[in-house]
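In: Here's a sequence, model it:
(chains A and B)
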2 protein chains.
Amino acid sequence: MFNLYHHPFSPASRSVRLALGEYGLAAEFIEERTWERRREFLVVNPAGTLPVLLDGGGTAICGPRPVLEYLDETRGAELGGKRLLPADPRGRAEVRRLLDWFDTRFHGEVSDYLLTERIYKRFMTAEQGGGAPDSSAIRAARSNIKHHLHYIGWLAGRRNWLAGEDLSFADLTAAAHLSCIDYLGEVPWEAFEHAKAWYARVKSRPSFRPLLLEQLPGVPPSSTYVDLDF
Amino acid sequence: MFNLYHHPFSPASRSVRLALGEYGLAAEFIEERTWERRREFLVVNPAGTLPVLLDGGGTAICGPRPVLEYLDETRGAELGGKRLLPADPRGRAEVRRLLDWFDTRFHGEVSDYLLTERIYKRFMTAEQGGGAPDSSAIRAARSNIKHHLHYIGWLAGRRNWLAGEDLSFADLTAAAHLSCIDYLGEVPWEAFEHAKAWYARVKSRPSFRPLLLEQLPGVPPSSTYVDLDF
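Out: Numbers count the residues shown, from 1 in each chain, chains lettered A, B, ... in the order given. Next up is the predicted model:
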């Protein structure tokens, strides 16, 4: 049995929840508010970041990429064709390139701005960085997302899934980021049909259902967040 | 035969050069100034980041972690005990945790500030972000590095190498970051004996020698940069 330190609106946590769902693995969830910098959590992961998977044997696997690689190494072989990292090293490199793209670039240019300004700051004290949203950060994210949706559409128009023929961690990670900000109504789907069609396919997977049930007190989801025909 | 897009003072490029050196693999180097955002390079790696390994078969492997994983997957098995990712999944997760630590955290808090302000800006036009160094960024990095050297010393005092009993990609990546700023004389080794003793061991490896020969026009290396008894 796994335990997963996560936050419901942490994209990196969501990517691991989706992977666990695809693999049919159960986990007990522990919600962590990283901005509180809880001492007990910092002992588990000195970086203070999410997600952290406790593997049941006393080992903490820290960070989205290490957790996904660990799941592939310890469970992937059993999945045969449903594996979420391809068997071919070049195909694996492409999945990893896209993991970096979304966890670093998309996060730094889009999702971190929107989630920090519109969600996290609501729960932070002034000392932790809370306060009114910074509208210039929100504006930057709303501008930056267009380039990313264009790129997603470009990939999805040429391949069956983002990294190639098969569903992979790249799709789950991209969708995890988008789902968090889609909750806020911050994804201009109408202008990006290819990206929208790809997202609709990920969103309709059973592994996605638990994410669509998340509710944030005081911040209702956008009107189409749970809608599979958005 | 590999080709490697790199920059001599990009820590991520250096980590791959060290890994190639440890594996005894030759590569032809192509220097890339990412701030110029060269169109031909963006076609190879849309993220515009270094390093990029061309594997000789027409595939570009983009980013330090994808390249290191690719080298392990395609060459690691031949190396037996000299492999730079452990065979055990938990050990691999610990190496990957530390890769994230240095490539994300150390880079964001220390090496990116110092390299951008003291090196890259010299070569950038005003439009590319060049200009006088921002002394507040340099001050922040000089303060932040202490915490990291303490953590390196803590790890090195409890383990043979940073991630465990054997030399791994974690040591190479940490040393790659430190070597770039050590060139600038920005590492206060004297106050961190454990970290210094660990770095001396990495620095004395044959794979490190080419890095010690790097010279930056107009910026001479610190007096101890090439010295193995620094």
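In: Relative to B:Arg139, how far out is A:Pro51?
Out: Using Cβ to Cβ, to the nearest Å, we find A:Pro51 at a distance of 33 Å from B:Arg139. Heads up, the C-betas are built off the backbone N, CA and C, glycines and all.
In: more neighbours, the two?
Out: A:Pro51 (27 against 11; other Cβ atoms under 10 Å in any protein chain shown).
In: per-residue pLDDT, that one?
Out: A:Pro51 carries a pLDDT value of 98.
In: Test my guess that it contacts A:His6.
Out: Yes: at 5.0 Å, A:Pro51 counts as touching A:His6 under the criterion of Cβ atoms under 8 Å.
In: hey, what's in contact with both of the two?
Out: Common contact partners of A:Pro51 and A:His6 (Cβ atoms under 8 Å, 6 or more residues apart in numbering or on different chains): A:13, A:16.
In: residues in contact with A:Glu186?
Out: A:114, A:118, A:141-142, A:145.
In: That one belongs to a helix?
Out: No: per DSSP: H, G, I helix; E, B strand; the rest coil, A:Glu186 lies outside any helix segment and is coil.
In: Quickly note the distance from it to B:Ser204.
Out: For A:Glu186 relative to B:Ser204 (Cβ to Cβ), the value is 51 Å.
In: ok, which stretches of chain A are helices?
Out: Listed in chain order, the helices of chain A (DSSP state H) span A:11-23, A:39-44, A:64-75, A:89-100, A:112-115, A:121-123, A:135-158, A:169-183, A:193-203, A:209-212.
In: is it possible to export the ones you listed to a markdown table including mean pLDDT and distance to chain B?
Out: Output for those, formatted as a markdown table (pLDDT from 0 to 100; distance: least, Cβ to the nearest Cβ, whole Å):
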| stretch | mean pLDDT | distance to chain B |
| --- | --- | --- |
| helix A:11-23 | 97 | 11 |
| helix A:39-44 | 97 | 11 |
| helix A:64-75 | 96 | 4 |
| helix A:89-100 | 98 | 4 |
| helix A:112-115 | 98 | 12 |
| helix A:121-123 | 94 | 20 |
| helix A:135-158 | 98 | 7 |
| helix A:169-183 | 98 | 12 |
| helix A:193-203 | 98 | 15 |
| helix A:209-212 | 96 | 24 |
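In: So which of these is the most surrounded?
Out: helix A:169-183 (a mean of 27; mean count of other Cβ atoms under 10 Å in any protein chain shown).
In: how far out from the middle of the chain is that one?
Out: 5 Å (Cα atoms, centre = their mean, to the nearest Å).
In: just checking, what packs against it?
Out: helix A:11-23, helix A:64-75, helix A:89-100, helix A:112-115, helix A:135-158, helix A:193-203 (3 or more Cβ pairs under 8 Å, 6 or more residues apart in numbering or on different chains; DSSP states H and E).
In: repeat that for 6 Å
Out: Helix A:169-183 is packed against helix A:11-23, helix A:89-100, with contacts defined by 3 or more Cβ pairs under 6 Å, 6 or more residues apart in numbering or on different chains; DSSP states H and E.
In: closest to A:Ala60 out of those?
Out: helix A:11-23 (13.1 Å; Cβ to Cβ).
In: okay but A:Leu149 is in contact with A:Phe192, surely?
Out: Yes: using Cβ atoms under 6 Å, A:Leu149 is in contact with A:Phe192, at 4.0 Å.
In: so A:Ile61 sits right up against B:Val95, yeah?
Out: No: using Cβ under 6 Å, A:Ile61 and B:Val95 do not qualify as a contacting pair, with a distance of 11.6 Å.
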